[in-house]
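In: Need a 3D model of the following:
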Amino acid sequence: MAFDNLMVFTGNANPKLAQKVARHLNVQLGKASVSKFSDGEILVELLENVRGKDVFVLQSTSAPTNDHLMELMIMVDALRRSSVARITAAMPYFGYARQDRRPRSARVAISAKVVANMLTSVGVNRMLTMDLHADQIQGFFDIPVDNVYATPILLGDLWKHEYGNLVVVSPDVGGVVRARAIAKRLESDLAIIDKRRPRPNVSTVMNIIGDVDGRTCVIMDDMVDTANTLCEAARALKEQGAERVIAYCTHPVLSGPAVSRIESSVIDELVVTDTIPLRPDAEACAKIRQISVSELLAETMRRICEESSVSSLSWSEEFARLPATEAGKRGEGADSPSNGGVPGRGAPPNMEQHMKIDIKAEPRSLQGTGASRRLRRESKVPGILYGAGKDAQPIQLDHKELFFKLKMEAFHASILDMEIGAEKAQVLLRDYQMHPFKQMILHADFQRVDAKRKLHVKIPLHFLNQESAPGVKLAGGAIQHVMNDLLVSCLPKDLPEFIEVDLGELQAGHSLHISGLKLPAGVDSVALSKGDDLTVATIVIPRVATADEEAAEAAATTVAPSAADVPTSAQKAKEEEPAKEAGKGGGKDKDKDDKKK
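Out: Model (predicted):
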């Protein structure tokens, strides 16, 4: 589905998160009124036209859980009755997730399944959630469910603080698999807390398995509710000699006395995300810090709308590999520089000044996982050089030099002069892989360049005169970058560092296609050569449905009586006969009564 069909609505659960997501998507938050009648009933009214749109309703079912759940369902029904194309319920926090099974001999409902049935029956076409308490809840739905993980956000924050001597602590036996995976990524040790839960919301820490003496303990969990388990775990870790205890939790439920417990506990810091808004006392607590998952949610929504892969957002895949400076390359939420450069990459150089970039490499003799790890510890990057009819050659590069040059936009779309020992070659960067959360390059691929053979390369687009476009300046529209780079075919000598896209004459509601670009001499668009004149940019104007449109929509949904429902004259006469007979009969009875009197 086209990205310009995407709309985001929200209720009262987490409007701040919804605003951040909309900002990252470069869209306006959908206009809707969510209120209550005096008796507590919820009223939802849509204030703009949504016909044919791909709508995301962002609503966590946090406390008050039932109110927020009803807001979500009523809004979904209003959207469905307004003829939207698809409805995705984006629930960063899925309430009732802990009621996902029926304990032995207990006469209780499986409430997570009940909520799944309610959402499906009311008209939700797709689910988007984050860090489900139990993965099997996805099976309760008969619609597609995307469960994304906040792990890259949490680990990225952890890595920025550069804590030393780390040990990852699993808060219970059930979280061992997750904790082990995190410990592997952090290249740290693992400890396990054995706890017993005699009754709901009460837990007792029994034993700590692993060495935590003198170390920084990192506890990672999907949620923190009453914080009793967390505080007891921190106390037990400190008793075992832990130097520092830091907890990372995705969902800050923080019910009951949770905040006061955390304030009086030995926990050094609790880091949570904004899937649930913090209570005022939690915001004031010096030990609680909140980070945002809005960019991750926005990227997931964009991919769902464009029918592209969401599974690659796994914390070991594409989203985690991209450094922060790459965020603007995809065009979501990043501010576009006024000079037309790619966001996060600085100002564009002069088109005539084709930069000469040198890069040094060394032949690499040892291969395999172990050898690559040893290279990375020595601040080297393992790589491969292939192409031009020669055998693939393993190489290694200096990490600091490569990391610095990857920040240069020209490095990604220029012929590089590579020095490999005594050999020199012209090469092109083809791919590189970043660590999920460290600022570390794991691998790099380079291709030898043949001066007589055409290359297929993605060239970044630089958008010019965006603010002066008539559709923006006069009509108040918003520019949407459908493409941020263009796959071209050219000889190495004709390879441009970027392609300028002039939007100075773009009108509201109009689009610029590949055929409208001024490509440098010798450069051809691969898509255009195949007959695909794709859209590069467009200007859209947010608009609210007029009274005439609303009246027409109401008229279209009004059901007119069929011909069979309209009584004919004969049918009317037949229906009136019994009434007339009853009237005559009543008169005779009256005469008899008068005679008796």
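
In: switch to C-alpha atoms for all contacts and neighbour counts from now on
Out: Will do.

In: looking at this structure, which helix or strand does the model trust least?
Out: helix 318-321 (a mean of 35; mean pLDDT, DSSP states H and E).

In: so after that one, what's the next helix or strand?
Out: If you walk from helix 318-321 toward the C-terminus, the next helix or strand you reach (DSSP states H and E) is strand 357-363.

In: what comes up buried for that next one?
Out: 359, 361, 362, 363 (16 or more other CA atoms under 10 Å).

In: who does it pair up with?
Out: strand 390-398 (antiparallel), strand 416-420 (parallel) (DSSP bridges).

In: so can I have JSON lines of the ones you listed showing mean pLDDT, distance to residue 471 and mean neighbour count?
Out: Listed next are those as JSON lines, based on pLDDT from 0 to 100; distance: least, CA to CA, whole Å; neighbours: other CA atoms under 10 Å:
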{"stretch": "strand 390-398", "mean pLDDT": "92", "distance to residue 471": "47", "mean neighbour count": "17"}
{"stretch": "strand 416-420", "mean pLDDT": "92", "distance to residue 471": "40", "mean neighbour count": "18"}
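
In: Tell me which of the ones you listed sits nearest to residue 90.
Out: Closest to residue 90 of the strands paired with strand 357-363, according to CA to CA: strand 390-398, at 43.0 Å.

In: what sits up against the closest one?
Out: The contact list for strand 390-398 (CA atoms under 8 Å, 6 or more residues apart in numbering) reads 360-365, 367, 379-386.

In: Report the separation between residue 252 and residue 68.
Out: 16 Å (CA to CA, to the nearest Å).

In: The two: who's more crowded?
Out: residue 252 (29 against 21; other CA atoms under 10 Å).

In: I'd assumed residue 271 was in contact with that one.
Out: No. Residue 252 is beyond contact range of residue 271, at 9.0 Å (criterion: CA atoms under 8 Å).

In: before we move on, the earlier item: please report which of the contacts of strand 390-398 has the highest neighbour count.
Out: residue 382 (28 neighbours).

In: For that residue, give me its contacts.
Out: Going by CA under 8 Å, 6+ apart, residue 382 touches 364, 372, 375, 376, 394, 395, 396, 397, 442, 443, 444.

In: Go through the residues you listed and name the one nearest residue 259.
Out: residue 442 (40.4 Å).

In: For the closest one, what are phi and psi?
Out: The phi/psi pair for residue 442 (degrees, to the nearest 10) reads phi -90, psi -40.

In: quick revisit: any chance of the buried residues of strand 357-363 in CSV, with distance to residue 419 too?
Out: Converted to CSV, the buried residues of strand 357-363 look like this (distance: CA to CA, whole Å):
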residue, distance to residue 419
359, 6
361, 6
362, 8
363, 10
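
In: do you know how far the residue lying closest to residue 466 once chain neighbours are set aside is from residue 138?
Out: Among residues not flanking residue 466 along the chain, residue 503 sits closest, at 5.6 Å (CA to CA, 6 or more residues apart in numbering). Using CA to CA, residue 503 is found at 44 Å from residue 138.

In: so what's the residue nearest the centre of the chain closest to, chain neighbours aside?
Out: Nearest to the mean C-alpha position of the chain, counting by CA atoms, centre = their mean, stands residue 297 at 2.0 Å. The shortest distance from residue 297 to any non-neighbouring residue, by CA to CA, 6+ apart, is to residue 21 (6.8 Å).

In: what do you get for residue 122?
Out: Per CA to CA, 6+ apart, closest to residue 122 is residue 77, 6.0 Å.

In: That neighbour is in contact with residue 123, isn't it?
Out: Yes. The pair residue 77 and residue 123 qualifies as a contact (CA under 8 Å) at a distance of 6.5 Å.

In: Find residues that contact each of those two.
Out: Applying CA under 8 Å, 6+ apart, one finds that no residue jointly contacts residue 77 and residue 123.

In: Tell me which residues of the strand or helix carrying residue 488 come out buried.
Out: Residue 488 belongs to strand 485-490 when assigned by DSSP H and E. Across strand 485-490, burial judged by 16+ other CA under 10 Å covers 485, 486, 488, 489, 490.

In: pretty sure residue 282 is in a helix, no?
Out: Yes. Secondary structure of residue 282 (DSSP: H, G, I helix; E, B strand; the rest coil): part of a helix.

In: shaky segments in this structure?
Out: Applying pLDDT under 70 to the chain picks out residues 1-2, 105, 196-206, 312-355, 542-597.

In: Which residue ranges make up each domain of it?
Out: Here the domain parsing of the chain from automatic domain parsing is 3-148, 151-292, 336-353+451-548, 357-429, 559-597.

In: Could you save the ones you listed as CSV and add columns showing distance to residue 436?
Out: Output for the domains of the chain, formatted as CSV (distance: least, CA to CA, whole Å):
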stretch, distance to residue 436
domain 3-148, 15
domain 151-292, 7
domain 336-353+451-548, 19
domain 357-429, 15
domain 559-597, 56
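
In: which strands and helices sit next to the helix or strand encompassing residue 299?
Out: Assigned by DSSP H and E, residue 299 belongs to helix 294-305. Here helix 294-305 touches helix 15-25, going by 3 or more CA pairs under 8 Å, 6 or more residues apart in numbering; DSSP states H and E.

In: how much does the helix it packs on deviate in direction from helix 294-305?
Out: Helix 15-25 and helix 294-305 are oriented at 60 degrees to each other (axes from the mean of the first three to the mean of the last three CA atoms, to 10 degrees).

In: Show me which residues of helix 15-25 are buried.
Out: For helix 15-25, the neighbour count (16+ other CA under 10 Å) marks 15, 17, 18, 19, 20, 21, 22, 23, 24, 25 as buried.

In: Now do the contacts for the third one.
Out: With contacts defined as CA under 8 Å, 6+ apart, the neighbours of residue 18 are 8, 9, 10, 29, 58, 294.
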